[in-house]
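Asks: What shape does this take:
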Amino acid sequence: MFQRIMLAADGSDYSLKAAEKAIFIAKANPTSKITVVHVVDELPSRTDVMDAEFQPRDIPEHRKSQIANVRELLEKAEVKFEMKHIFGDPGPALVHESIDMKADLVLIGSRGLNSFQQMVLGSVSHKVAKRAKCPVMIVKE
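Replies: Next up, the predicted model:
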């Protein structure tokens, strides 16, 4: 059923919950593979810029380590997976990646923003659900 599962991850508790659901789905179909997508903002952080080795299109190791907890969970579950770190604005970047990889399903955690925060910030999960070309599962607390 779901062969290509895309898991949006940022290392938060919400993305860990989404990872648990992705594992559950992947275990139901042994031929499926989970692609963990971690989006890093285009603008480097102050810590990144202060690093003497920093190259503008490199993703620093401390950013990659943000989702180490997701990797550990997937390794422990013994499911097939790969990790991708990409640059961009999270909503559009996740949609673009889901289309590029021809995802059958996207899983993403929900932070549970209040109505004011949603109005001002918008929700990444809402943006992905609205624009993705495949089913999107928003995993709540």
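
Asks: by contact count, what packs against the helix or strand encompassing Ile25?
Replies: If you go by DSSP states H and E, Ile25 is part of helix 13-28. With contacts defined as 3 or more CB pairs under 8 Å, 6 or more residues apart in numbering; DSSP states H and E, helix 13-28 has these neighbours: strand 4-8, strand 33-40, helix 68-77, strand 105-109, strand 136-139. C-beta coordinates here come from the backbone N, C-alpha and C atoms, glycine included.

Asks: Run through who's touching the helix or strand harbouring Ala93.
Replies: Under the criterion DSSP H and E, the helix or strand holding Ala93 is helix 90-100. Residues from elsewhere that reach helix 90-100 (CB atoms under 8 Å, 6 or more residues apart in numbering): 6, 8, 10, 37, 39, 41, 84, 86-88, 103, 106, 108, 122, 124, 127-128, 131-134.

Asks: One more pass at 6 Å, please.
Replies: Outside helix 90-100, the residues that touch it by CB atoms under 6 Å, 6 or more residues apart in numbering are 6, 8, 37, 39, 86, 106, 124, 127-128, 131-133.

Asks: and if you look at stretch 6-16?
Replies: Under the contact criterion CB under 6 Å, 6+ apart, stretch 6-16 has outside partners 19, 22, 34-38, 66-67, 69-70, 94, 98, 103, 106-109, 111.
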